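J.: mind looking at a prediction? Sequence and model below.
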Amino acid sequence: MATESEALPAEAKGQSDKLVITASSLGTVFEWYDFYLYGLLATALSRHFFSGVNETTGFILALMAFAAGFAVRPFGALVFGRVGDVVGRKNTFLVTMAIMGLSTFAVGFLPGYDAIGIAAPIILMTLRLLQGLAIGGEYGGAAVYIAEHAPPGKRGFYTSFIQTTAMIGLILASTFVVGLRNFMDAETFNDWGWRLPFIFSIVLLGITLWIRLQLEESPVFQRMKKAGATSKAPLREAFGEWRNLRLVLIALFGAVAGQAVIGFAAHLYPLFYLEKIARVDGATANFLVATALLMIIPSFVFFGWLSDRIGRKPIMMTACVIAVFSYFPLYKALVTAANPAMAAAVESAPVQVVADADECSFQFDPIGRNSFDTTSCDIVKTYLARGGINYSNVNASPGTIATVRIGDEAFTAPNPALLKGEAKTAAVAAFQTDVQAALSRAGYPDSADPASVDKLKVIGILCIFGVLATMVYGPLAALLVELFPARIRYSSLSLPYHIGNGWIGGFMPTIGFAMVAATGNIYQGLWYAVVIAAITAVVGILFLPETYKRDIEAD
């Protein structure tokens, strides 16, 4: 087989590096534009498509719709990965781009729950599943295509632009949403303005497809095809032979899993924290996150370039180790900087729920039939979860009526067993009024005071998260390409990437928010990211090979 030093085919020589990088990376712009829209507009999606359930459940269901697209990514990786290894890189990611773009565009015209009932969330989920399947073949195609054009010693630098354009997608989505929020009044935006970013995606789709049609096939694939060396059964070779399957597992647990949670903890999870926990208004939270993302963009290229010189592994593993030890103090500092009044109240007047644990439900009902008012514990926790109030749990003896303590004050919840109908409704409302008044007296604000938000500190903390993400993400594409042989590369790298980012990372916001709602501890969800980053650090340090000097055409 030809080596990297051999000349490229004539048709590849006329294709500039800039065209290769731009055309391949535009799909990543689109992918992350779509991804971030669902995060930014989770509240609007909850209101329009999941209005038949309580507020906390509706928000978690909106996050589940967001996560549904990630759930099927590995299956898309198998389908389109095989096509990419058998048919070619270029045509495969033309198809994935079209499916992904049209599914995003369709969300902008989808009627809500009030118009078509249960069909609305079902269709939304279906569109998310189509997007997820298409995205499953997108990243692998872009990474392979760029790396197979890159000269030796520059693969990390070239492929880092895929990650850079991911941030452009995030910033584009954030800028669009913030601009609309500022241009429209809140009622208009929540009514129909939120649809415009989805409709605008058709412009991105048209530009991306037009540019990609100018591309030639990857030179490495052309040489393999000419030599008759392409795989006829790439899935069996990739996952049915232990030699390669072992590398797939190492790539997943020793690189991609950590990259996924560190990436989500830098780009999306902070937005949920700022809005749902620190209660910063949506426009300000989006502005702060977008500003930080813009500032860290050069770090992707820097760490990609650096990985060409010192290796991929030391940079990525260092980020995982730092994340393990820094997330809890950094997120606490983030909440304090964003809403100092609330942070002070949590310290001076902590909230406790004293209740029989057996009477306390998990605060999530996907079918919307649980109003969480049949036990005194549920009445207390539902109200606190809806307000994003941090609380601790104190177990009480069986049969004890739940009590909420706010500093030195205590309030006993109504006993639903003794109340019916309007009497029960009135008692719950009176209890909630008393608790809210006590929270206000203790200094818990209804929302963050815009004048008290330490914007520079918040942006600084977000930039630290972002730099850690660039350390694992910048070298990742080159590492994955170099790990696997060319004949089964598309399939081999796509599956671990999308299991990591689709399942492990994609469900992080949903699981994290559900953990917060269930326990009352606003930092509980961070354990998800910390544990996975720790696993990746251990597996990666022990088993992940260094790849930056490998010949990517060698078997």
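T.: Sure thing, it's come through.
J.: low-confidence ranges in the stretch 51-200 of the chain?
T.: 51-64, 66-67, 88-89 (pLDDT under 70).
J.: which residues of it fall in helices?
T.: Under the criterion DSSP state H, counting those that start in this stretch, helices of the stretch 51-200 of the chain are mapped to 55-71, 73-86, 89-107, 113-116, 119-147, 155-183, 186-191, 196-212.
J.: repeat for the stretch 351-500 of the chain
T.: Assigned by DSSP H, counting those that start in this stretch, the helices in the stretch 351-500 of the chain fall at 376-387, 421-441, 455-473, 476-483, 489-498.
J.: ok and the second one relative to helix 376-387, angle-wise?
T.: What that stands for is helix 421-441. If you take axes from the mean of the first three to the mean of the last three C-alpha atoms, to 10 degrees, helix 421-441 sits at 50 degrees to helix 376-387.
J.: mind listing what's buried in helix 421-441?
T.: If you call a residue buried by 16 or more other C-beta atoms under 10 Å, then helix 421-441 has these buried ones: 424, 427-428, 431-432, 435, 438-439. Every residue, glycine included, has its C-beta placed from N, CA and C.
J.: list just the nearest of those to residue 305.
T.: Nearest to residue 305 among the buried residues of helix 421-441, counting by C-beta to C-beta, is residue 439 at 50.4 Å.
J.: and the next helix or strand past the host helix or strand of residue 305?
T.: Secondary structure from DSSP states H and E places residue 305 in helix 282-310. The helix or strand immediately downstream of helix 282-310 is helix 313-338, counting by DSSP H and E.
J.: and that next one, what does it pack against?
T.: The contact analysis (3 or more C-beta pairs under 8 Å, 6 or more residues apart in numbering; DSSP states H and E) places helix 313-338 against helix 257-267, helix 282-310, helix 340-348, helix 455-473, helix 476-483, helix 526-543.
J.: please redo it, this time with the cut-off set to 7 Å
T.: Applying 3 or more C-beta pairs under 7 Å, 6 or more residues apart in numbering; DSSP states H and E, we find helix 313-338 packed against helix 257-267, helix 282-310, helix 455-473, helix 526-543.
J.: same list (those helices) but as a markdown table, adding mean pLDDT and distance to residue 27.
T.: As requested, these are arranged in a markdown table below (pLDDT from 0 to 100; distance: least, C-beta to C-beta, whole Å):
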| stretch | mean pLDDT | distance to residue 27 |
| --- | --- | --- |
| helix 257-267 | 92 | 17 |
| helix 282-310 | 91 | 16 |
| helix 455-473 | 96 | 16 |
| helix 526-543 | 96 | 26 |
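J.: closest one to residue 20 among those?
T.: Closest to residue 20 of the helices and strands packed on helix 313-338, according to C-beta to C-beta: helix 282-310, at 15.3 Å.
J.: now that closest one: buried residues?
T.: For helix 282-310, the neighbour count (16+ other C-beta under 10 Å) marks 282-297, 299-308 as buried.
J.: any idea how far it is from the middle of the chain?
T.: Taking C-alpha atoms, centre = their mean, to the nearest Å, one finds helix 282-310 lying 16 Å from the centre of the chain it belongs to.
J.: any idea of the angle that helix forms with helix 155-183?
T.: Orientation of helix 282-310 against helix 155-183 (the same axes, to 10 degrees) gives an angle of 170 degrees.
J.: what is the orientation angle of helix 282-310 with helix 257-267?
T.: Going by the same axes, to 10 degrees, helix 282-310 makes 140 degrees with helix 257-267.
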